[in-house]
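A.B. asks: how would this look folded up:
(one chain, ligands or ions: 3)
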Amino acid sequence: MHIRVLGAGAGGGFPQWNCHCRNCKGVRSGTINAQARTQSSIAVSANGEDWVLINASPDIRQQINQTPALWPKSQTQQRGTSIRSIILTDSQIDHTTGLLTLREGLPLPVYCTDVVYEDLTDAFPLFPMLKHWNGGLQRRRIKTDEDAAFTAEGAEGLIFKPIVLASNAPPYSAYRDNIVRGNNIGLQIEDSRTGNSLFYAPGCVQASPLVERTLAQAQCVLFDGTLWLDDEMITNGFSQRLGTQMGHMPVNGEEGAVALLNRFAIKRKILIHINNTNPVLDESSHAHQYLLDNNIELAYDGMHIEL
Ligand code: MLT
Ligand code: MN
Ligand code: ZN
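C.D. replies: Ligands and ions are numbered 1, 2, ... in the order given. Below is the predicted model:
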């Protein structure tokens, strides 16, 4: 399986347009040792030719333009795409707004759970709106049962299994602070040829027995690295909410992502969906060194993973 990280940042990206935090200021002025990151998305492929987009970020146009594997290739048609289908893990703005940018290439199949479809039909009506563009988004259902594995158009050879996660729904959603099964899923993606599996979980506030089983089986994990500390947004003066209230476990601490990942012998442990306030982004920081000491990588835009 081929994996491309299109955007390793969280909502807002890095630097965020209106942010003057130490990291955003430092990356703009080149005074810290850090690289910019666009908003959260990956692409996966079984054959290296046809790709499934997982989450569609507001930065999708830039992400496609800097990823030759995703450029149109047909010798006979003037227009086309190597993106054969799209999977959504939730209905967050940073994971769905890119669907608007893909309108010129519709119809495209979009896999999502019932409650994500509901959010994107009612409160943020992307599905009804985009019907007006050449057949629109062709909805395919992801069930949330534990055995609800599915295949995605264009990725024959990969088996996708939804992993129900504890996180949160977007601020605009009827499910905000009151989530049900399916507001947030991770994906276990298994290559049926090699048997290797990736676990992709950009938003997870707490492990569950299912999350632990999935971590135990994975050869590679792309896991929630949003915030270093639970109160990071509060101490920066940006929010009244803890990370855990927003649906993200901190990276640091006994209840954090590093402590969780340290319990498993996974070949590659990679943090993704990194918020611009997170000190791990500064590669000269103690926080960054702490990741290296724990054998944990930090995803970056353009990262290639072969499994
Ligand atoms: C999140 O992951 O909690 C949200 O995407 C944050 C946001 O919408 O900016
Ligand atoms: Mn997000
Ligand atoms: Zn910032």
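A.B. asks: alpha carbons only for contacts and neighbour counts from here, please
C.D. replies: OK.
A.B. asks: centre of the chain to stretch 173-180, how far?
C.D. replies: Mean-position distance between stretch 173-180 and its chain equals 19 Å (C-alpha atoms, centre = their mean, to the nearest Å).
A.B. asks: and the stretch 1-150 of the chain, which residues reach ligand 1?
C.D. replies: 11-12, 92-94 (C-alpha under 6 Å from any ligand atom).
A.B. asks: filtering those by proximity to ligand 3, which remain?
C.D. replies: Checked against ligand 3 using C-alpha under 5 Å from the ion, those yield no neighbours at all.
A.B. asks: now for those, which pair is the farthest apart?
C.D. replies: When C-alpha to C-alpha is used, the two most widely separated members of these are 12 and 92, lying 11.8 Å apart.
A.B. asks: neighbour count winner among those two?
C.D. replies: For the pair residue 12 and residue 92, the greater number of neighbours falls to residue 92 (25 against 20), based on other C-alpha atoms under 10 Å.
A.B. asks: what's near enough to touch that one?
C.D. replies: Contact analysis of residue 92 by C-alpha atoms under 8 Å, 6 or more residues apart in numbering lists 169-170.
A.B. asks: what's the answer for the one 3 residues further on, then?
C.D. replies: When the contact criterion is C-alpha under 8 Å, 6+ apart, the partners of residue 95 are 40-41, 55-58, 88-89.
A.B. asks: let's see it at 7 Å
C.D. replies: 40-41, 55-57 (C-alpha atoms under 7 Å, 6 or more residues apart in numbering).
A.B. asks: now the particular helix or strand that has it in it: how far from the chain's centre is it?
C.D. replies: Secondary structure assignment for residue 95, by DSSP states H and E: helix 93-96. The chain centre lies 9 Å from the centre of helix 93-96; the measure is C-alpha atoms, centre = their mean.
A.B. asks: residue 101: how many residues sit nearby?
C.D. replies: 14.
A.B. asks: quick check, it in a helix?
C.D. replies: Yes. Under DSSP: H, G, I helix; E, B strand; the rest coil, residue 101 falls within a helix.
A.B. asks: check contacts around it.
C.D. replies: Residue 101 touches residue 61, counting by C-alpha under 7 Å, 6+ apart.
A.B. asks: distance of it from ligand 1?
C.D. replies: 18 Å (C-alpha to the nearest ligand atom, to the nearest Å).
A.B. asks: do residue 223 as well
C.D. replies: 12 Å.
A.B. asks: can you check residue 213 too?
C.D. replies: 23 Å.
A.B. asks: in the helix or strand that residue falls within, which residues are buried?
C.D. replies: Assessed by DSSP H and E, residue 213 sits inside helix 209-217. By 16 or more other C-alpha atoms under 10 Å, the buried positions in helix 209-217 come out as 211, 214-215, 217.
A.B. asks: now, the most widely separated pair of these?
C.D. replies: Among those, 211 and 217 lie farthest apart (C-alpha to C-alpha), at 10.0 Å.
A.B. asks: rewinding a little: what sits up against the helix holding residue 213?
C.D. replies: 199, 264.
A.B. asks: past it, which element shows up next along the chain?
C.D. replies: Next along from helix 209-217, by DSSP H and E: strand 220-224.
A.B. asks: are we agreed that residue 20 is in a helix?
C.D. replies: No. The assignment for residue 20 by three-state DSSP gives coil, which leaves it out of any helix.
A.B. asks: burial count for it?
C.D. replies: 13.
A.B. asks: got it, and residue 75?
C.D. replies: 7.
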